[in-house]
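1. only geometry, no sequence info:
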Ligand SMILES: O=P(O)(O)OP(=O)(O)OP(=O)(O)OC[C@H]1O[C@@H](n2cnc3c(O)ncnc32)[C@H](O)[C@@H]1O
Ligand SMILES: [Mg+2]
């Protein structure tokens with residue numbers, strides 16, 4: 001069985017990678033399985049941040065590592081919170097981020113609440129060999145929290161193609177259509193060559 005390290009501290013992301021990779025016979029480890037690693041996510045783009053996370057962990061662990069940088073782009077906010085999604089309200093707090101987003105869109109009518117989630121996955125091997133893949137899913141921002149599943153902005157994200165909020169989807173349904181699921185399937189097409 002192959003083991004891959006995902007350089008994340010986000011338990012929601014880690015669970016989704018486990019759900020998607022276990023059926024492929026790949027065991028997922030995360031940063032929680034190793035001694036603490038300090039990562040400065042100070043890039044300006046998803047790819048820069050994912051590269052920083054993956055490179056820092058691959059250098060320290062001397063193992064092949066994948067990292068995920070992702071976020072929510074809201075058109076009426078000029079693409080915010082974007083790469084700043086985790087700390088939009090200051091403190092990596094999902095409830096505070098969602099409250100801030102609802103407030104920012106208070107006066108924005110339904111037809112202008114378009115948004116998408118984006119994920120960039122970067123794989124880095126200790127010798128520096130790099131693989132990049134991207135995914136996105138389009139939707140709208142709701143007026144109230146809807147649904148209990150998922151994490152982050154999922155309760156405010158209405159998935160156009162399914163007519164439900166992301167947090168109303170089962171884990172399998174989310175993984176089928178999500179930015180992360182799409183990025184991972186693209187990544188896996190090139191995985192064997194990279195590995
Ligand atoms: O950097 P790591 O340790 O992987 O964990 P993180 O939570 O900081 O992850 P990011 O830097 O990629 O920030 C992405 C933020 O975007 C949001 N987000 C990403 N994917 C999401 C998803 O599938 N559903 C809802 N919100 C998501 C959520 O608020 C995340 O904290
Ligand atoms: Mg982060």
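-> Happy to help now that I have it. Treat the numbers as computed from the prediction; the structure is a model and nothing was measured. Ligands and ions are numbered 1, 2, ... in the order given.
2. mind telling me what element the residue nearest to the spatial centre of the chain is part of?
-> The residue lying closest to the centre of the chain (Cα atoms, centre = their mean) is residue 70, at 3.9 Å. Residue 70 is located in strand 65-74, with elements delineated by DSSP states H and E.
3. now do that strand: which elements does it pack against?
-> If contacts are counted by 3 or more Cβ pairs under 8 Å, 6 or more residues apart in numbering; DSSP states H and E, strand 65-74 sits against strand 2-6, helix 11-21, helix 46-61, helix 94-104, strand 114-124, helix 179-189. (Each C-beta comes from the backbone N, C-alpha and C, glycine too.)
4. does ligand 2 sit close to that strand?
-> No. On the criterion Cβ under 5 Å from the ion, strand 65-74 is out of touch with ligand 2, staying 6.8 Å away.
5. looking at the chain, which residue is nearest ligand 1?
-> residue 152 (2.3 Å; Cβ to the nearest ligand atom).
6. wait, that residue touches residue 97, no?
-> Yes. In terms of Cβ atoms under 8 Å, residue 152 counts as a neighbour of residue 97; the distance is 7.3 Å.
7. what touches both of the two?
-> residue 85 (Cβ atoms under 8 Å, 6 or more residues apart in numbering).
8. how about the residues of the chain by ligand 1?
-> Contact residues (Cβ under 6 Å from any ligand atom) of the chain with ligand 1: 8-10, 13, 41, 68-72, 85-86, 97, 117, 150-154, 178, 180.
9. going through those residues, which ones are buried?
-> 8, 10, 13, 68-72, 85-86, 97, 117, 150, 152-154, 178, 180 (16 or more other Cβ atoms under 10 Å).
10. out of everything not next to it in sequence, what's closest to residue 171?
-> Spatial nearest neighbour of residue 171, chain neighbours left out: residue 19 (5.6 Å); criterion: Cβ to Cβ, 6 or more residues apart in numbering.
11. swap in residue 195?
-> residue 64 is the one closest to residue 195 (Cβ to Cβ, 6+ apart), at 6.6 Å.
12. test my guess that the one you found contacts residue 122.
-> No. Counting by Cβ under 8 Å, residue 64 sits too far from residue 122 to count as a contact (11.4 Å).
13. can you tell me the SS state at the residue lying closest to residue 60 once chain neighbours are set aside?
-> Nearest residue to residue 60 in three dimensions, chain neighbours excluded: residue 37, at 5.4 Å (Cβ to Cβ, 6+ apart). Per DSSP: H, G, I helix; E, B strand; the rest coil, the local secondary structure of residue 37 is coil.
14. tell me which residues touch residue 37, please.
-> Per Cβ under 8 Å, 6+ apart, neighbours of residue 37: 7, 31, 56-57, 60-61.
15. equivalent analysis for residue 75, please.
-> So residue 75 contacts 112, 114-115 (Cβ under 8 Å, 6+ apart).
16. thanks again, I'm all set now.
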